[in-house]
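Engineer: Just the structure for this:
(one chain, ligands or ions: 1)
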Amino acid sequence: MSICDRIIVPLDVPTQADALTLIDALPEVSFWKVGLELFVSSGPSILSELKTRQKRIFLDLKFHDIPNTVAGACRSAAQYQVDLLTIHATCGRRGLKDAQTALVETAGEQAPKLIAITLLTSLSSRDLAFDLKIPVELPEYALEMALLAKESGLPGAVCSPHEAAQLRSVCGSEFLLVCPGVRPAWSEAGDQRRAMTPGEAMKAGADYLVIGRPITASEDPGAAFQRICEEIEA
Ligand SMILES: O=C(O)c1cc(=O)[nH]c(=O)n1[C@@H]1O[C@H](COP(=O)(O)O)[C@@H](O)[C@H]1O
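Structural biologist: From the prediction side, this is the model:
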């Protein structure tokens, strides 16, 4: 797999027409993420459009509910034959286990890889301590959430690049690590609080990087994507 195939670009746009414009402007992108903004506005038809173009799909709906409900959501999502699907680790052990079991029972070997959000990359240590009132150091918290996901049978997690090296060494080489919160030195951080450059994130052990606005908000998204691929290779 080339470096470019390890970059997932989010379709964080309000309409399916905007999404198709972006997809067709970036033919070199092989892996796209469909998140809440687009799925809530346009429903699943964008997934068929991506399939027709032979793209891989990360369906990022970040399930967070009681075990019975997340299991049902996973059974419903299994029909879309996407590659990756997200759930919050804070659903807890029973929720994670039931979600994973529901996916595999419904889709078997075709089941998407269910990956757990450890701690959103927009949150800082201060947010964790003062707003969420979680009295644990941030790196330890992210690691504990990843281990909870692993023990519950999930194949991977979403983490910031800051925690990737530790998660990689503790969770092992088979555990899938997907890192958003990635910013080239020439881009704005925006709402991301624990960002690193694409090269640093790969070096830390990420399998895939999710990179949105540095590419999609650029004047020339194709050039921005190429520049990121070259920077990682360098
Ligand atoms: O699940 C995600 O993909 C996700 C988890 C997380 O902790 N942080 C995070 O930024 N994301 C997503 O990754 C993308 C990052 O986009 P940019 O900040 O524009 O690069 C967005 O689509 C977020 O929804």
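Engineer: what number of residues lie near L154?
Structural biologist: Around L154 there are 23 other residues, counting by other C-beta atoms under 10 Å. Just so you know, the C-beta spots here come from the backbone N, C-alpha and C atoms, and that holds for glycine as well.
Engineer: Which residues are in contact with it?
Structural biologist: 87, 96, 100, 114-116 (C-beta atoms under 8 Å, 6 or more residues apart in numbering).
Engineer: and if we set it to 7 Å?
Structural biologist: By C-beta atoms under 7 Å, 6 or more residues apart in numbering, L154 lies in contact with 96, 100, 114-116.
Engineer: Repeat that for T21.
Structural biologist: T21 makes contact with no residue under the criterion C-beta under 7 Å, 6+ apart.
Engineer: Could you check which helix or strand contains it?
Structural biologist: helix 16-25 (DSSP states H and E).
Engineer: Can I get that helix in CSV, CA atoms only?
Structural biologist: Extracted in CSV, the C-alpha atoms of helix 16-25 (Å, rounded to 0.1, in the frame of the first residue of the first chain):
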residue,chain,number,x,y,z
GLN,A,16,-24.0,15.0,-1.5
ALA,A,17,-23.4,17.4,-4.4
ASP,A,18,-20.5,19.0,-2.5
ALA,A,19,-19.2,15.6,-1.6
LEU,A,20,-19.2,14.4,-5.2
THR,A,21,-17.4,17.6,-6.3
LEU,A,22,-14.7,16.9,-3.8
ILE,A,23,-14.4,13.2,-4.6
ASP,A,24,-14.1,13.9,-8.3
ALA,A,25,-11.6,16.7,-7.8
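Engineer: now, which of the contacts of L154 lie within strands?
Structural biologist: 114-116 (DSSP state E).
Engineer: May I see those residues organised as CSV, with distance to I211 and neighbour count added?
Structural biologist: Listed next are the ones in strands among the contacts of L154 as CSV, based on distance: C-beta to C-beta, whole Å; neighbours: other C-beta atoms under 10 Å:
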residue, distance to I211, neighbour count
L114, 22, 26
I115, 17, 26
A116, 20, 27
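Engineer: just checking: which of these also lie near the ligand?
Structural biologist: Near the ligand, judged by C-beta under 6 Å from any ligand atom, there are no entries from the ones in strands among the contacts of L154.
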